[in-house]
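1. for reference, the sequence and a predicted model appear below.
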Amino acid sequence: MKRLIPLFVFAIILAACGGGEEATASEAPGTTPAVAEAKDIDAKKIWKIRCIACHGLYGDMGTNGAANLQEATSSLDYRINIITNGSENGVMTAFGEILDADEIEAMAKYTMSFNENLK
Ligand code: HEC
């Protein structure tokens, strides 16, 4: 059963990487109404499902020119924007229609932990 998990993750990653074009500019950030209830967002889990293919477990893998997040010094706003809308060159997927605003903010903060916790 364990053997199926990497395949499953790979399938999701393929799906995530595929849809770059149509999502780019259409979704205005912040259109999701504020979520009132406190929610448990497992950023590490989302990372492993959605982000690891390009950025790697520790943020420094750099597949497809992905930014090295251990060295990145960009602001929280910049990160929220790039996660929501994807990178300008279209390589990084836009997650604005995949993750909600709270999850995107959690992921942006999570990416800021790579240079604190590692190395
Ligand atoms: C298909 C590959 C790919 C996936 C999947 C991906 N990224 Fe990226 N990411 C990139 C690339 C490429 C860049 C550099 C873009 C640029 O600078 O133009 C980048 C840049 C970033 C940056 C900006 C870093 C900086 O300060 O320069 C952040 C933050 C980021 N990614 C977070 C994430 C998160 C969070 C996820 C998962 C939800 C994710 N990425 C998934 C490819 C990817």
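-> It's in.
2. tell me if I'm right that residue 60 and residue 72 touch.
-> No. Contact status for residue 60 versus residue 72: not in contact, 9.9 Å apart, counting by C-beta atoms under 8 Å. For glycine as for every other residue, the C-beta is placed from the backbone atoms N, C-alpha and C.
3. overlap in contacts, the two.
-> Common neighbours of residue 60 and residue 72 are listed as residue 114 (criterion: C-beta atoms under 8 Å, 6 or more residues apart in numbering).
4. who has more neighbours, those two?
-> Per other C-beta atoms under 10 Å, whichever of residue 60 and residue 72 has more neighbours is residue 60, with 18 against 15.
5. give me phi/psi at the more buried one?
-> Note on residue 60: its backbone torsions stand at phi -120, psi 20 [degrees, to the nearest 10].
6. give me the three-state assignment for the residue nearest to residue 84 when sequence neighbours are not counted.
-> Nearest non-adjacent residue to residue 84, counting by C-beta to C-beta, 6 or more residues apart in numbering: residue 96, 4.1 Å away. Using DSSP: H, G, I helix; E, B strand; the rest coil, the structure places residue 96 in coil.
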